[in-house]
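Novice: Give me the fold of what follows.
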Amino acid sequence: MSENEQQVEASPDEVFAILADGWTYADWVVGAARIQSVDPGWPQPGCSIRHSVGAWPLLIDDSTTVDECRQPEYLRLKVRAWPTGEGRVEFFVEPNGTGSLVRMCEAPVSGPAKLVPRAITEPALCWRNTETLRRLRFLAERQG
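Specialist: Numbers count the residues shown, from 1 in each chain. Modelled structure (predicted):
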């Protein structure tokens, strides 16, 4: 499992406002190329975002679904990116000083990616999620 943290100079509510806006997903999630639709009610459990991952011309259409949401402190997603598989991504947002500490945890849960040794997947996920949290920080701080 990859675990990353980022200090954000925005309140937990401001950070969660970005997480709760499914239309911004491609703005901050590394690898998400475009959003096709967002279920009304996102980020409530069972709601999904349909999106494309990759880069043109190698785009894959797939989805991300909310498993659990406790706004503004916790969001757990099931992310799909077949043919590589499915993953679980968790966001923990807590007050910290004048802003928030955001922790992101990601692990493959099914498909071919789950079979790849952690020594290979973890560095790649760590790099990707460091950039994802940097982009999330930028959007939350700009909004605040």
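Novice: just checking, what packs against the lengthiest helix in the chain?
Specialist: If you go by DSSP state H, the chain has its longest helix at helix 118-143. Under the contact definition 3 or more Cβ pairs under 8 Å, 6 or more residues apart in numbering; DSSP states H and E, helix 118-143 sits against strand 2-8, helix 12-19, helix 25-28, strand 99-110. The C-beta positions use only the backbone N, C-alpha and C, and glycine is treated the same way.
Novice: Tell me what angle it forms with helix 12-19.
Specialist: 110 degrees (axes from the mean of the first three to the mean of the last three Cα atoms, to 10 degrees).
Novice: Looking only at helix 118-143, what residues are buried by neighbour count?
Specialist: Applying a neighbour-count criterion of 16 or more other Cβ atoms under 10 Å, the buried positions in helix 118-143 are Thr121, Glu122, Leu125, Arg128, Asn129, Thr132, Leu133, Arg135, Leu136, Arg137, Leu139, Ala140.
Novice: Kindly report the same for stretch 52-68.
Specialist: Ser52, Val53, Asp62, Ser63, Thr64, Thr65, Val66.
Novice: Ala20 - nearest residue in space that isn't next to it in sequence?
Specialist: Leaving aside its chain neighbours, Ala20 sits nearest to Pro43 (5.1 Å; criterion: Cβ to Cβ, 6 or more residues apart in numbering).
Novice: correct me, but the one you found touches Tyr74?
Specialist: No: if you go by Cβ atoms under 8 Å, Pro43 and Tyr74 don't touch, sitting 10.5 Å apart.
Novice: Of these two, which one has the most company?
Specialist: The neighbour comparison of Pro43 against Tyr74 (other Cβ atoms under 10 Å) goes to Pro43, with 22 against 15.
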